[in-house]
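Undergrad: sequence plus the predicted model coming up.
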Amino acid sequence: MDFTKSAPLGEVVVTADGGVVKKIYAKGDDTLPAPKYGELVHVLYEGRLASNGAVFDSTTDPSDAFSFQIGMGEVIGGWDVGIASMRLGERAELVLKPDYAYGDEGCDDDIPPNATLIFKVELIRIAQGPLAARLR
């Protein structure tokens with residue numbers, strides 16, 4: 001995922017405290033709404049440590065996209081709020097401060113405590129989740 005080689009089109013501070021910042025590299029479909037609470041999203045991503053750029057996880061094959069339901073606590077907090085701000089087809093870089101990532105515990109051997117993380121993310125699909133259907 002090398003779309004960040006060009007300059008970003010814009011930057012958005014997603015959370016009031018600045019813990020999640022989104023740099024937009026390709027705008028998504030503005031005619032469609034952003035994903036809502038409970039909807040199933042499919043993303044391609046690459047996660048890196050801000051401190052040294054080391055890649056700790058990625059999935060770049062559309063047939064093996066990572067999926068989760070928005071707002072259900074299935075992912076780190078920065079993903080829930082950051083990806084909920086994206087539009088279908090958008091490519092962005094999410095910069096997550098530790099409070100929106102793995103905090104003072106880190107994760108396994110790959111992510112140290114209090115690490116700021118950078119994710120290149122592409123939102124490739126938004127589907128209706130079971131909870132979203134019940135909430136409408």
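TA: Looks like it arrived, so ask away. Residues are numbered from 1 along each chain as shown.
Undergrad: which regions of this structure lie under the pLDDT threshold?
TA: 1, 128-136 (pLDDT under 70).
Undergrad: please repeat the previous calculation with a cut-off of 80.
TA: Scanning the chain for pLDDT under 80 picks out the ranges 1-5, 128-136.
Undergrad: please enumerate the helices of it.
TA: 77-83, 130-135 (DSSP state H).
Undergrad: not counting the longest one itself, show me its contacts.
TA: By Cβ atoms under 8 Å, 6 or more residues apart in numbering, the surrounding residues in contact with helix 77-83 are 14-15, 19-20, 22, 35, 41, 43, 68, 70-71, 73, 92, 94, 96-97, 99-101, 117, 119, 121, 123. C-beta: built from backbone N, CA, C; applies to glycine.
Undergrad: just the endpoints, please. Distance across stretch 14-32?
TA: 19 Å (Cα to Cα, to the nearest Å).
Undergrad: and what of stretch 86-93?
TA: 11 Å.
Undergrad: can you pull out the strands in this structure?
TA: Per DSSP state E, the chain carries strands over the ranges 10-13, 20-26, 40-49, 55-59, 66-69, 91-96, 117-127.
Undergrad: packing partners of the fifth one?
TA: Contact here means 3 or more Cβ pairs under 8 Å, 6 or more residues apart in numbering; DSSP states H and E; on that basis strand 66-69 packs against strand 40-49.
Undergrad: how big is the angle separating the strand it packs on from strand 91-96?
TA: Angle, strand 40-49 to strand 91-96, by axes from the mean of the first three to the mean of the last three Cα atoms, to 10 degrees: 60 degrees.
Undergrad: show the buried residues in the contacts of helix 77-83.
TA: 14-15, 19-20, 22, 35, 41, 43, 68, 70-71, 92, 94, 96-97, 100-101, 117, 119, 121, 123 (16 or more other Cβ atoms under 10 Å).
Undergrad: what comes up buried for stretch 47-65?
TA: Those would be G47, R48, L49, A65, for stretch 47-65 by 16+ other Cβ under 10 Å.
Undergrad: lovely, talk soon.
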